[in-house]
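Trainee: how does the following fold in three dimensions:
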Amino acid sequence: MQQELNGWDENDEYKNVVLPYVLEHIKSWNEEPQPSDWIYNSTKGKRPLGYEWLTRLMTKGGFPALCLVDAVSTRRPEVILPHLMTPELANVENLHLLNDTTRPRGKEPPKYVEQLTTLPFWGTLKHLTFQPERPYSPKKFAQLFKTFSGCVLTSLCLKGPGVLSSLPTKDLETAGIFRTLKELYFHSILFMTKALIKLTHLEGWENIETLVIHHNNNLTQAQLGEVIQNTPRLKHLSLEHCQLGPGLIKTLQAGPLPHLETLHLRGNGLGIADFDDLDNVDWPSLRVVHIS
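Mentor: Numbers count the residues shown, from 1 in each chain. Sure thing, here's the model as predicted:
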């Protein structure tokens, strides 16, 4: 790598600067504070593609040091994706494609999902965070799952907003995405008419160990209870801003949740009795409880 860095720039404008710069960039990976919340620890990666390296990549193409990068995040996927085709990025395991909040209203959103399957790291990608330019529709939801099933994802985060009143179960079954998934995150996606329950009946759902549902006021305790019953290996559960109301702890306790290690509850409308019920839960594996 040293030999390659010596000739990194044809005009030699970075002579005696490039290697210290690279080492400083790598040093920042170790010094960057990791979020204390377990919810995000496994999705961020440890060696993200920083602004300087991204600028270098977009202006002058790939370079060997990119082989160290394990995470890429962008709010402009249609701009960045063509530059991610460089083979030096083959070790990326975490990809975050977020909505561009600065795009003018009414402007046609870009179509880039089809490009994902041509990424050099697509076949080995482990975590994907995806937020579409427009709300999910049942058909779009199934198409995305079919695309995502082309890699061996163990972790998937879907961000809304979106409302799903029905799901094309047969199409989702064919996609088979849950055969490898261990972690599933839903942010601001409202599942209507038991659409979430239908997901739990797909092949492989029983392997889910981490389930995060945030900002979903349509979720009921009865539905949550059924989800838990269909998720026997659940270790980490986070429910945030889901107005489930008093009695939630008893609903969770009826799970059962023999493998539950971490419970995160925030803004769920718990009652006083719920805190008393915590003293009586029988979760032998429980290590961390966070309630606010």
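Trainee: poorly predicted segments of the stretch 1-150 of the chain, please.
Mentor: For the stretch 1-150 of the chain, the stretches with pLDDT under 70 are 1-43, 101-110.
Trainee: and the strands in this protein?
Mentor: 71-74, 94-97, 127-130, 155-164, 183-191, 210-214, 236-240, 262-266, 288-291 (DSSP state E).
Trainee: Throw those strands into CSV and include distance to Gln253 and mean neighbour count, thanks.
Mentor: All C-beta atoms are positioned from the backbone trio N, CA, C, and that covers glycine. CSV is the format used below for those (distance: least, C-beta to C-beta, whole Å; neighbours: other C-beta atoms under 10 Å):
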stretch, distance to Gln253, mean neighbour count
strand 71-74, 37, 19
strand 94-97, 34, 23
strand 127-130, 31, 20
strand 155-164, 27, 20
strand 183-191, 22, 21
strand 210-214, 16, 21
strand 236-240, 12, 20
strand 262-266, 11, 18
strand 288-291, 13, 12
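Trainee: worst mean pLDDT among those strands?
Mentor: Mean pLDDT is lowest for strand 155-164 among the strands of the chain, at a mean of 84.
Trainee: quick one: closest of the strands of the chain to Ser137.
Mentor: Nearest to Ser137 among those is strand 155-164 (8.0 Å), distances taken as C-beta to C-beta.
Trainee: sheet partners, orientation included, of the closest one?
Mentor: Looking at strand 155-164 with DSSP bridges, its partner strands are strand 127-130 (parallel), strand 183-191 (parallel).
Trainee: alpha carbons only: can I get the longest one in CSV?
Mentor: Extracted C-alpha coordinates of strand 183-191, given in CSV (Å, rounded to 0.1, in the frame of the first residue of the first chain):
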residue,chain,number,x,y,z
GLU,A,183,-32.1,-8.2,12.7
LEU,A,184,-35.1,-6.3,11.4
TYR,A,185,-35.8,-2.5,11.9
PHE,A,186,-39.0,-0.7,11.0
HIS,A,187,-39.0,3.1,11.4
SER,A,188,-42.2,5.1,10.6
ILE,A,189,-43.8,2.3,8.7
LEU,A,190,-47.5,1.7,9.6
PHE,A,191,-48.7,-1.8,9.0
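Trainee: show me how far it is from its chain's centre.
Mentor: Put simply, strand 183-191 sits 10 Å off its chain's centre (C-alpha atoms, centre = their mean, to the nearest Å).
Trainee: how about residues contacting that strand?
Mentor: Defining contact as C-beta atoms under 8 Å, 6 or more residues apart in numbering, one finds that strand 183-191 is touched by 39, 42-43, 127, 129, 136, 154-164, 208-219, 236.
Trainee: for the chain, what spans make up the helices?
Mentor: Counting by DSSP state H, the chain has helices at residues 2-6, 18-31, 38-41, 51-60, 77-80, 138-148, 169-175, 195-200, 221-229, 248-253, 272-277.
Trainee: quick one: which of these is nearest Lys111?
Mentor: Among the helices of the chain, the nearest to Lys111 by C-beta to C-beta is helix 77-80 (8.0 Å).
Trainee: how far off centre is that closest one?
Mentor: So, by C-alpha atoms, centre = their mean, the centroid of helix 77-80 is 18 Å from its chain's centroid.
Trainee: with stretch 153-162 instead?
Mentor: 5 Å.
Trainee: same thing with stretch 241-258?
Mentor: The chain centre lies 24 Å from the centre of stretch 241-258; the measure is C-alpha atoms, centre = their mean.
Trainee: what about it, average pLDDT?
Mentor: Per-residue pLDDT over stretch 241-258 has a mean of 91.
Trainee: in a markdown table: the strands of the chain, plus distance to Leu84.
Mentor: Formatted as a markdown table, the strands of the chain follow (distance: least, C-beta to C-beta, whole Å):
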| stretch | distance to Leu84 |
| --- | --- |
| strand 71-74 | 6 |
| strand 94-97 | 9 |
| strand 127-130 | 13 |
| strand 155-164 | 19 |
| strand 183-191 | 22 |
| strand 210-214 | 26 |
| strand 236-240 | 30 |
| strand 262-266 | 32 |
| strand 288-291 | 35 |
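Trainee: mind checking which of the ones you listed is nearest Ile177?
Mentor: In terms of C-beta to C-beta, the element of these nearest to Ile177 is strand 155-164, at 7.4 Å.
Trainee: dump the closest one to CSV, restricted to CA.
Mentor: The C-alpha coordinates for strand 155-164 follow below in CSV (Å, rounded to 0.1, in the frame of the first residue of the first chain):
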residue,chain,number,x,y,z
SER,A,155,-29.7,-7.0,9.1
LEU,A,156,-32.3,-4.8,7.3
CYS,A,157,-33.6,-1.4,8.3
LEU,A,158,-36.6,0.0,6.4
LYS,A,159,-37.4,3.7,7.0
GLY,A,160,-40.7,5.4,6.2
PRO,A,161,-42.9,7.2,5.9
GLY,A,162,-45.1,4.5,4.6
VAL,A,163,-48.5,2.8,5.1
LEU,A,164,-48.9,-0.8,4.1
